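Colleague: My questions concern the predicted model and sequence given below.
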Amino acid sequence: MRFPETFTNRPELPMTRVTSHDGHPGWLVTRHATVRQVLTDPRFSARQELKRPMFVPVRLSGARRPAAPGWFSGMDAPEHTRYRRHLHTWFTARNLKKLEPRVTAIARELVDGMDDPADLVRDYALPIPSRVICEILGVPYADHEFFETQTTRILDRDPEVAHAAVAALLAYMRELVEAGPEGGVLAELIANGSGLGPEELANIGLGLLTAGHETTAHMISLGVLALLEHPDQLAALAADEGLMGSAVEELLRYLSILHLAAPSRAALEDVELDGVRVRAGETVTLSLPAANRDPEVFADPDRLDLSRAEAGENLAFGHGAHLCLGHNLARMEMAVAYRELFARRPGLRLAVPAHEVELRADTIVFGAISLPVTWG
């Protein structure tokens with residue numbers, strides 16, 4: 001697999017001076033321990049109006065604005081805590097266990113319906129999380145093609161394309177909230193007197209939709225590609241059903257698809273990190289791919305090893321209070337997707353040479369544009 005330079009060109013120093021897209025000095029952190037420290041230290045803020053990202057943001061204007069009501073990923077406590085409290089129970093491992101049979105049924109339907117050859121991205125990896133998150137939110141699946149198109153555009157590095165996609169999805173969510181969704185988390189929040197207004201609900205829906213769709217889809221397709229390129233690891237997985245849990249963790253570590261969408265934090269005061277002083281107001285960008293291949297934590301880090309004991313230390317979903325709300329859902333979807341695909345198509349292989357697989361390394365999320373496979 002041809003990884004982007006953000007994987008292969010890891011800085012020699014754990015703290016590297018960088019410049020944001022608008023010319024302000026900041027820091028890039030690559031050390032696993034330091035990334036964890038920043039993500040749990042209250043002296044570093046997630047508030048989006050304080051941060052200056054390395055890469056061009058979705059917002060078109062140069063002005064940095066506070067996060068919109070309900071867009072809690074760009075907030076600190078107590079606002080961030082309040083919003084997550086409304087949603088937490090929907091995404092616990094216990095509740096998602098009840099959803100697993102439905103995800104399994106979707107995966108089996110998709111596998112059985114694929115023509116040979118198939119594009120695994122279009123025919124399998126995208127539809128699984130798309131259907132699941134639509135059902136969780138109470139979004140009619142009849143609109144899934146619209147969502148798949150727009151969520152792909154949200155991750156485009158062209159801010160005008162990304163902005164238009166955000167506007168289209170937000171308009172849809174507003175209409176859905178106004179009309180009243182049938183079932184799902186949004187309907188429950190409306191019915192149980194949460195006190196959340198229409199704008200908050202629409203932004204919550206948009207955040208969950210985008211977070212729970214595109215990234216998981218690319219983890220599924222790239223995970224399949226990685227396993228096909230490592231037949232010894234695929235054989236080990238086929239021989240031991242109990243290996244799936246650690247396999248998912250290792251694939252999350254090995255792939256680390258959020259390379260340009262790296263999380264960042266703004267220093268609220270001067271802070272000493274790894275022997276350097278981060279000044280108040282400076283932005284610290286956290287390289288998850290580098291942290292997940294830190295040799296201090298992961299032995300022989302560039303090797304895929306599904307039995308790796310320390311794989312669960314990966315930071316693919318972040319860490320601390322802002323740990324991805326849907327991390328349990330994504331892990332479950334990945335495990336079901338791999339299990340059903342390889343069980344029902346044991347002869348699965350690439351339909352083109354590996355170097356011809358189209359990868360999207362120049363967008364915010366690393367992934368495959370298409371993944372031609374066959375099993376005949």
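Modeller: Everything's here; your move.
Colleague: looking at it, residue 194 is touching residue 83, isn't it?
Modeller: No. Residue 194 lies out of contact with residue 83 (Cβ atoms under 8 Å); the separation is 9.9 Å. All C-beta atoms are positioned from the backbone trio N, CA, C, and that covers glycine.
Colleague: which one of these two has more residues nearby?
Modeller: Between residue 194 and residue 83, counted using other Cβ atoms under 10 Å, the more crowded position is residue 83 (23 against 16).
Colleague: List the residues that contact that one.
Modeller: 70, 72, 75, 200, 204 (Cβ atoms under 8 Å, 6 or more residues apart in numbering).
Colleague: Export the residues you listed to CSV and append columns for distance to residue 50 and neighbour count.
Modeller: Output for the contacts of residue 83, formatted as CSV (distance: Cβ to Cβ, whole Å; neighbours: other Cβ atoms under 10 Å):
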residue, distance to residue 50, neighbour count
70, 19, 22
72, 15, 24
75, 11, 24
200, 21, 20
204, 22, 25
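Colleague: can you count the residues close to residue 282?
Modeller: By other Cβ under 10 Å, the residues close to residue 282 number 20.
Colleague: can you pull the contacts of it?
Modeller: Residue 282 touches 24, 25, 26, 27, 266, 267, counting by Cβ under 8 Å, 6+ apart.
Colleague: Over to it: give its phi and psi.
Modeller: Dihedral angles of residue 282 (phi, psi; degrees, to the nearest 10) stand at phi -80, psi 150.
Colleague: And it, what's its pLDDT?
Modeller: pLDDT for residue 282: 96.
Colleague: Top of the contacts of residue 282 by number of neighbours, please.
Modeller: With neighbours taken as other Cβ under 10 Å, the top of the contacts of residue 282 is residue 27, carrying 25 neighbours.
Colleague: which other helices and strands contact the helix or strand harbouring that residue?
Modeller: Element membership for residue 27 (DSSP states H and E) is strand 25-29. Counting contacts by 3 or more Cβ pairs under 8 Å, 6 or more residues apart in numbering; DSSP states H and E, strand 25-29 packs against strand 15-19, strand 283-286.
Colleague: show me where this protein has strands.
Modeller: 15-19, 25-29, 44-45, 118-119, 264-267, 271-273, 276-278, 283-286, 349-350, 359-360, 367-368, 372-374 (DSSP state E).
Colleague: What segments of the stretch 151-300 of the chain are helices?
Modeller: For the stretch 151-300 of the chain, helices defined by DSSP state H, counting those that start in this stretch occupy the ranges 159-179, 184-191, 198-211, 214-229, 231-239, 244-255, 288-291.
Colleague: For the longest one, list every residue counted as buried.
Modeller: In other words, helix 159-179. 162-166, 168-170, 172-174, 176-177 (16 or more other Cβ atoms under 10 Å).
Colleague: Who are the contact partners of the residue lying closest to residue 296 once chain neighbours are set aside?
Modeller: Excluding the flanking residues, the one nearest residue 296 by Cβ to Cβ, 6 or more residues apart in numbering is residue 32, at 6.5 Å. Applying Cβ under 8 Å, 6+ apart to residue 32 gives the contacts 291, 292, 294, 296, 297, 313, 315.
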